[in-house]
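Q: Quick one, structure for this:
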Amino acid sequence: MKFKPLFSISLLSLSTFFSFSILFTSAIAYTAEFSGSQTCVECHQQQYSDWQGSHHDMSMGQATADIVLANFTDQQFDYQGEVSRFFMKGSEYWVNIKGPDGKFNDYKISYTFGYEPLQQYMVEFENGAIQLIPFAWDSRSKDEGGQRWFYLYPEMDPYDEFFWTNKGQNWNYMCADCHSTNVKKNYNVTDNSFDSSWSEINVACEACHGPASNHLKWTSDQTQPLAQFGFDRDLTPKVGAWEFTQGKKILQPNKIKSSAQLATCGQCHSRRSQLTDSNDKAHDHINNFYDKYMLSNIDENLYYPDGQIYDEVFVLGSFKQSKMHMAGVVCSDCHNPHSNKLTAPVESICFQCHLPSEYSAAKHSQHQQGSEADQCVSCHMPKTTYMQVDPRADHSFKVPRPDLSITLGTPNVCSQCHNDKSATWAAEAVIKQFPDSTIRQQPGYAEAFYQAATNDPDSSELLTKIALNPLQPAIIRASAFSRLANFPSQQSYRAMEQAVTDPSAQIRSTAISASAAFEFADRWRLIAPLLTDTAYAIRTEAAGALATNWENMTSAQQQLLQPALTEYLEIQAYNADRGFSWLNRGNVYLAKRQFDKAEQAYKQAIVIEPILASSYANLADLYRKLGKEQASMAILKQGITNQPKAGSLRYSAGLAYYRQQQLPQAIALFKQATEVEPSNPQNWTVLGLAQEKVNPVDMMKSLSTAYEVSNDPQHLYTLCQFKIKYRDPSTNACLAKLSTLVPPQVLKQLTGS
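A: As a prediction, the model looks like this:
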């Protein structure tokens, strides 16, 4: 299948217009359509000129000589004895690399991705799936170490989600929405194919401004009652002017107004999930980001406890933590949105608002004036390198905290630069330089997030304080609410009662997941009002969460749930190219006791994404509930074959044997689970429990390992419990250690004294 552009355009044609600000009172009278950026160039030549050669311009392109940067003249790349080759067939670009079958095959390069500091390449398969190959071209200069091929994901194999032919490297799902304009995925589940289309191959005018047909109507007849010059969004800055206020070191906004700019930029420059590609007004995501996307929280797999970037999070989540965001700063206050470059030299960009007299080298940075270390961004926007050659700045604009490095293990920019010095040295230097700073005395969310990650039961109170603190950024409050899911209490429930009515959609959404630990009646009372939430993402998430209790609902509750549940299933249909969507559907059908539909959904998940372990686990569990033990074990064995890296399938199969008291088979599978996932404490725990009747000594070793990998007092409690039972010589030592981690009454309950 080939892409079907909606109209013919030149690749190098873009003009966007962030300068529109006049508001008209009448609503847009026509359904807007995409017109193509070639219609913008005549009136917006400066913006077009700025755009040419920008990252938006080069976001994606046809693999032709004028855009391909890599050397394809019969180049070879040897990785651990396996040689891949890049070569030409006439004017076409080709690569010979290992495919999912383990054999080397020739693949034609159809598209390019980006251009600096690296360029990636994509192969289009017969079913219309576009996949990114695992090699990239380092487009930096030779002096910088560039002009070479390199392997982006060297440790991937066909069982990894991000192996190049798997779903994690699929353009249609993973990349398209942000690298092209007006993309329609158009997935056909019947034959597992894509008929994806776009308006323009790269990020063009209408990717940011929306369809331009009404604007063109306005330009031809400006008496027409069209708001925003015919566009449905205002992309001007939130602050018209920044003013000096006596006694303030930083300019203050004269007035803050609403603007769609941050949501527009953030739709791509963020770590988020996509719910739809519909242009229906029901999903007008510019007015509500959560009508099309779900923004990730400050989760521990994405950010450090203090909110510094860890994984690739693409700016918005970081920026929303910042004081600048709360003050009204938006992207175009620093960046030219057309060229993507800074609006001023890096050494002076911050002095647009921060008074130079107060933030000079002598008064603030204490580094040599004019040096790289003296630049604001060096300390307040540290860079993390992703994709091996791409350094990206943290946009949370944090104050360096080497003291947190000592207590929490978070990185700090002082030690990164002065890498021959310790964090203690850096902390003392900061205190000496800023003795009057109050930031170290203020209780912060970093400590609470770190403590919650250790499952400390005292975390609930700290998290609740942060979640309910209106002075904290909304994304931090939402992240505190989400962590409360692990600490259910009457206090956390009362906090979530406030969350469901919060103006921030991100905060409302976290009440849904955080309520999972409560009984259905309490959970319904808490989040049922969200079934009619104004945000598409919120009401559908609420529906998906509550649907699992379908049998416990009254007829009236089911009727109230059904409209949002129908929308929830719409999202799964949009994402039908991913296994998780079929799992979600299967879970809904299972809750409704529609077992045939649930079975078919789980089977389809396996067809769509054979390496997704949870598909096999859910189907096996369904068969077990239906009394089909043999079918259950057969599907688990199929899963182990198709996804040998999933310890969960061996765990589930082991449980099946354990329930039948076939201990040798169970123990063998539990051991395999610990070998595949050695850091999963549950694997070690069930192994130990299975070993009890066979070899109590081995049991003790397994339970001890469960605690070692988790540091969870509950696992230590279990170990001590069995040491008491078997009168192990090290029982007292175990109890002494436990006594430092749990309240006295817990220890008393265990020992009976």
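Q: Please make it C-alpha for all contacts and neighbour counts, starting now.
A: Noted.
Q: what about the nearest residue to Ile309 once chain neighbours are set aside, distance to Pro443?
A: Closest residue to Ile309 apart from its sequence neighbours, by CA to CA, 6 or more residues apart in numbering: Tyr303 at 4.8 Å. Remark: distance between Tyr303 and Pro443 (CA to CA, to the nearest Å) = 19 Å.
Q: Those two - which one has more neighbours?
A: Taking neighbours as other CA atoms under 10 Å, Tyr303 and Pro443 compare with Tyr303 leading, 19 against 11.
Q: residue nearest the centroid of this protein?
A: The chain has Arg271 as the residue nearest its centroid, 3.8 Å off, counting by CA atoms, centre = their mean.
Q: Let me know the pLDDT of that one.
A: Looking at Arg271, its pLDDT reads 97.
Q: Repeat that for the one 10 residues further on.
A: As predicted, Lys281 sits at a pLDDT of 51.
Q: and the residue nearest to Ile309, what does it touch?
A: By CA atoms under 8 Å, 6 or more residues apart in numbering, the contact list for Tyr303 reads 309-311.
Q: Give me the subset of those lying in helices.
A: Using DSSP state H, no member of the contacts of Tyr303 sits in helices.
Q: Select only the buried ones of the residues you listed in ChimeraX?
A: Buried members of the contacts of Tyr303, defined by 16 or more other CA atoms under 10 Å, are picked up in ChimeraX with:
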select :309,310
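Q: Distance to Tyr657 and pLDDT for the contacts of Tyr303 - can I get that in CSV?
A: Formatted as CSV, the contacts of Tyr303 follow (distance: CA to CA, whole Å; pLDDT from 0 to 100):
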residue, distance to Tyr657, pLDDT
Ile309, 43, 97
Tyr310, 40, 97
Asp311, 39, 96
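Q: Against Asn166, how distant is the residue nearest to the centre of the chain?
A: When distance is defined by CA to CA, Arg271 is 20 Å away from Asn166.
Q: what's the answer for Ala505, then?
A: Applying CA to CA to Ala505 and Asn166 gives a distance of 32 Å.
Q: between these two, who's got more neighbours?
A: For Ala505 versus Asn166, neighbours defined as other CA under 10 Å are more numerous around Ala505 (25 against 19).
Q: returning to what we had before: now, which of the contacts of Tyr303 sits nearest Gly409?
A: Tyr310 (12.8 Å; CA to CA).
Q: Surely the closest one and Tyr304 touch.
A: Yes. Counting by CA atoms under 8 Å, Tyr304 is a contact partner of Tyr310 at 6.0 Å.
Q: Could you tell me the end-to-end distance of stretch 487-507?
A: Stretch 487-507 has an end-to-end distance of 17 Å (criterion: CA to CA).
Q: 736 is where my numbering starts, stick with that
A: Fine by me, first position is 736 from now on; the one you just mentioned is stretch 1222-1242.
Q: Contacts made by that stretch with the rest, please.
A: 1025, 1029-1030, 1192, 1194-1196, 1199, 1202-1203, 1209-1210, 1212-1213, 1216, 1219, 1243-1246, 1249-1250, 1252-1253, 1261-1262, 1264-1265, 1270, 1273.
Q: from the residues you listed, which would you call buried?
A: Taking 16+ other CA under 10 Å as the criterion, what is buried in the contacts of stretch 1222-1242 is 1025, 1029-1030, 1194-1196, 1199, 1202-1203, 1209-1210, 1212-1213, 1216, 1219, 1243-1246, 1249-1250, 1253, 1261-1262, 1265, 1270, 1273.
Q: Tell me how far Pro835 lies from Ile868.
A: The gap separating Pro835 from Ile868 is 12 Å, by CA to CA.
Q: who touches both of those two?
A: With CA under 8 Å, 6+ apart, Pro835 and Ile868 have common neighbours Thr900.
Q: residue ranges with poor pLDDT in this protein?
A: Within the chain, the segments meeting pLDDT under 70 span 736-765, 960-961, 1016-1020.
Q: mind running it again at 50?
A: Applying pLDDT under 50 to the chain flags the ranges 736-764, 1017.
Q: Quick check: Cys943 touching Gln1002?
A: No. Applying CA under 8 Å as the test, Cys943 and Gln1002 come out as separate, 9.4 Å apart.
Q: okay, how far is it across stretch 1245-1261, tip to tip?
A: One end of stretch 1245-1261 to the other measures 12 Å (CA to CA).
Q: cool, stretch 826-838 as well?
A: 25 Å.
Q: same question, stretch 1170-1181
A: Start and end residues of stretch 1170-1181 are separated by 21 Å (CA to CA).
Q: Buried ones in it, by neighbour count?
A: By 16+ other CA under 10 Å, the buried positions in stretch 1170-1181 come out as 1180-1181.
Q: Report the contact partners of Thr1119.
A: Contacts of Thr1119 by CA under 8 Å, 6+ apart are 1044-1045, 1126-1129.
Q: So what does the nearest residue to the residue nearest to the centre of the chain once chain neighbours are set aside have for phi and psi?
A: Leaving aside its sequence neighbours, Arg1006 sits nearest to Val1048 (CA to CA, 6+ apart; 4.8 Å). Here is the backbone geometry of Val1048 (degrees, to the nearest 10): phi -120, psi -10.
Q: thought Val1048 was touching Ser1008?
A: No. Counting by CA under 8 Å, Val1048 does not reach Ser1008; the two are 11.8 Å apart.
Q: between the two, who's got more neighbours?
A: Neighbour count, other CA under 10 Å: between Val1048 and Ser1008, Val1048 has more, with 18 against 13.
Q: other SSEs contacting the helix or strand in which Trp1419 is found?
A: Assigned by DSSP states H and E, Trp1419 belongs to helix 1416-1426. Secondary-structure packing of helix 1416-1426 (3 or more CA pairs under 8 Å, 6 or more residues apart in numbering; DSSP states H and E): helix 1398-1411, helix 1431-1445.
Q: Show me the contact partners of the helix or strand just after the last one.
A: Spelled out, that is helix 1431-1445. Note on helix 1431-1445: by DSSP H and E, the next helix or strand toward the C-terminus is helix 1448-1460. In this structure, residues lying in contact with helix 1448-1460 by CA under 8 Å, 6+ apart are 1420, 1435, 1438-1439, 1441-1442, 1465-1466, 1469-1470, 1473, 1476-1477, 1485.
Q: Can I get helix 1448-1460 in PDB? Just the C-alpha atoms.
A: The C-alpha atoms that make up helix 1448-1460 are tabulated as PDB, following Å, rounded to 0.1, in the frame of the first residue of the first chain:
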ATOM      1  CA  PRO A1448       9.200  -4.800  54.300                       C
ATOM      2  CA  GLN A1449       6.300  -7.100  53.300                       C
ATOM      3  CA  HIS A1450       8.700  -9.500  51.700                       C
ATOM      4  CA  LEU A1451      11.000  -9.400  54.800                       C
ATOM      5  CA  TYR A1452       7.900 -10.000  56.900                       C
ATOM      6  CA  THR A1453       7.100 -13.200  54.900                       C
ATOM      7  CA  LEU A1454      10.700 -14.300  55.300                       C
ATOM      8  CA  CYS A1455      10.700 -13.800  59.000                       C
ATOM      9  CA  GLN A1456       7.400 -15.600  59.300                       C
ATOM     10  CA  PHE A1457       8.800 -18.800  57.700                       C
ATOM     11  CA  LYS A1458      12.000 -18.500  59.700                       C
ATOM     12  CA  ILE A1459       9.900 -18.600  62.900                       C
ATOM     13  CA  LYS A1460       7.900 -21.500  61.500                       C
END
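Q: Noted, bye for now.
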